[in-house]
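Novice: fold the following.
(one chain, ligands or ions: 1)
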Amino acid sequence: MSIPILDLKTQYRTIRQEIQTAIEQVLESGQLILGPNVRALEQEIASWCGGGHGIGLASGTDALRLAMDALGIGPGDEVITTPFTFIATANTISRAGATPVFVDIDPKTFNINPFQIEPAITERTKAILPVHLFGQPADMGAIMELAMRYHLLVIEDSAQALGATFRGQPVCSFGQIGCLSFYPTKNLGAYGDGGMAITRDGEIADRLRVLRQHGGRIKYHHERLGYNSRLDELQAAILRVKLRHLAEWTSARQRIAAQYDQLLADLPVTTPYRSPEVTHVYHQYTIRAPRRDELQAFLQKRGIGTMVYYPLPLHLQPMYAHLGVPEGSLPEAERAAKEVLSLPIYPELTEEQVQTVAEAIREFYG
Ligand SMILES: Cc1ncc(COP(=O)(O)O)c(C=O)c1O
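Specialist: Residues are numbered from 1 along each chain as shown. All right, here's what the predicted structure looks like:
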């Protein structure tokens with residue numbers, strides 16, 4: 001029996017009736033763009049993030065892109081971020097005309113290392129963009145302290161971390177804007193693309209709402225250069241159904257992570273470190289593994305799906321060659337890229353399946 005890295009079909013079967021009812025209601029209503037489900041979801045998600053405003057957008061990438069715009073980040077500005085993340089974290093900085101400045105990660109958490117941020121701050125630095133990678137919040141205590149001291153903006157890339165907290169405070173509630181993705185594989189995933197920006201600042205919320213609708217609030221009147229970036233009503237209705245299950249699904253992920261921790265403890269792999277200051281929502285369960293590629297191939301032969309998030313740090317991507325950050329300059333991100341392996345984790349994964357994965361890893365290391 002194969003164990004995929006992610007199984008969306010099994011989840012769908014558990015909520016099929018609720019989803020079909022929600023879809024049917026939207027289709028019957030005829031209201032497909034910015035209707036009651038988007039408005040309700042914006043409030044529901046904002047309250048998961050400790051309050052403020054939610055602005056439903058077309059994707060997590062757009063949430064980052066519109067955040068840059070709403071905060072006035074553009075040509076001449078630098079934004080400090082992590083090289084060990086999905087490309088959208090940085091290409092949205094570049095799209096805005098600003099420059100991403102990559103600093104190394106904390107090898108324990110895989111998140112941006114606050115100690116590396118301060119030396120990278122220049123008079124051009126406008127913002128810090130931490131990513132709460134794999135579902136574990138970055139060190140927001142140290143990051144907010146730096147932001148305060150140097151008067152920098154903070155955008156949180158919370159694409160992988162809805163529901164996670166740092167010192168009891170939810171992600172998306174620290175910086176000026178928090179960005180969420182509802183890409184289908186996320187802990188709260190749509191059946192298509194979707195995203196949301198979260199902010200406690202009413203003016204920023206207003207700017208984001210204007211930006212997502214061609215830069216206008218009244219039809220055919222445009223006050224600024226905008227985008228077409230709206231979360232679909234249909235996706236919002238689907239996400240509202242799934243949100244009702246998110247707390248329970250997150251607990252299941254945490255239970256599975258604890259089971260892996262125990263079963264892998266005596267093997268040569270390094271299980272994920274969890275900071276005592278956070279709740280981790282385990283979007284991924286990512287180990288460091290000696291002979292990583294061989295292990296991955298071995299598991300693949302057993303029908304066990306795994307993924308390498310991420311095989312090439314962003315400063316080494318061809319698209320960022322012009323930044324001139326050579327190999328060897330961000331050693332922890334580079335080492336992580338060579339060692340990490342994400343194992344199957346999703347709420348429907350059974351105890352037996354987790355055991356099967358762990359036993360296969362044990363067998364590989366013989
Ligand atoms: C860390 C991170 N940032 C940004 C994104 C972009 O989100 P989306 O795929 O919804 O555009 C993703 C997910 O794909 C992500 O994992």
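Novice: C-alpha only now, for contacts and for neighbours.
Specialist: Fine.
Novice: check contacts around R253.
Specialist: Shown in contact with R253 (Cα atoms under 8 Å, 6 or more residues apart in numbering): 281-283, 345-347.
Novice: buried residues in the helix or strand T356 falls within?
Specialist: Following DSSP states H and E, one finds T356 within helix 351-365. The neighbour-count check on helix 351-365 (16 or more other Cα atoms under 10 Å) flags 353-354, 356-358, 360-362 as buried.
Novice: what does the stretch 51-200 of the chain have sitting close to the ligand?
Specialist: 59-61, 85-86, 88-89, 157, 159-160, 181-183, 193-195 (Cα under 6 Å from any ligand atom).
Novice: now do 5 Å
Specialist: 59-61, 86, 88-89, 159, 181, 183 (Cα under 5 Å from any ligand atom).
Novice: now do the same contact list for the residue in the stretch 101-250 of the chain positioned nearest to the ligand.
Specialist: Nearest residue of the stretch 101-250 of the chain to the ligand (Cα to the nearest ligand atom) works out as S181 at 4.0 Å. By Cα under 8 Å, 6+ apart, S181 lies in contact with 59-61, 63, 158-160, 189, 194-196.
Novice: 7 Å - rerun?
Specialist: S181 sits next to 59-60, 159, 194-196 when contact means Cα atoms under 7 Å, 6 or more residues apart in numbering.
Novice: what's near enough to touch E277?
Specialist: 166-167.
Novice: quick check on it: phi, psi?
Specialist: phi -90, psi 0 (degrees, to the nearest 10).
Novice: now do the same for it: its pLDDT.
Specialist: Looking at E277, its pLDDT is 98.
Novice: what segments of the stretch 1-150 of the chain are strands?
Specialist: Taking DSSP state E, counting those that start in this stretch as the test, the strands found in the stretch 1-150 of the chain are 53-57, 78-81, 99-102, 125-129.
Novice: an error on my part: the question was meant for the stretch 251-366 of the chain.
Specialist: Counting by DSSP E, counting those that start in this stretch, the strands of the stretch 251-366 of the chain are 278-279, 285-288, 340-343.
Novice: same for the last one, what does it pack against?
Specialist: Taking 3 or more Cα pairs under 7 Å, 6 or more residues apart in numbering; DSSP states H and E as contact, the helices and strands that strand 340-343 lies on are strand 285-288.
Novice: S2 contacts G305, doesn't it?
Specialist: No. Using Cα atoms under 7 Å, S2 is not in contact with G305; the gap is 8.0 Å.
Novice: of the two, who's got more company?
Specialist: G305 (19 against 12; other Cα atoms under 10 Å).
Novice: tell me the contacts of the more buried one?
Specialist: G305 neighbours (Cα under 7 Å, 6+ apart): 3-5, 299, 344.
Novice: which pLDDT value belongs to M1?
Specialist: At M1, the pLDDT value in this model is 79.
Novice: residue contacts, the closest residue to V325 other than its chain neighbours?
Specialist: Leaving aside its sequence neighbours, V325 sits nearest to H315 (Cα to Cα, 6 or more residues apart in numbering; 6.0 Å). For H315, the contact set (Cα under 7 Å, 6+ apart) comprises 83, 102, 325.
Novice: what's around the residue nearest to the first one when sequence neighbours are not counted, how many residues?
Specialist: Nearest residue to P83, sequence neighbours excluded (Cα to Cα, 6+ apart): L314, at 4.7 Å. Counted with other Cα under 10 Å, the neighbours of L314 add up to 25.
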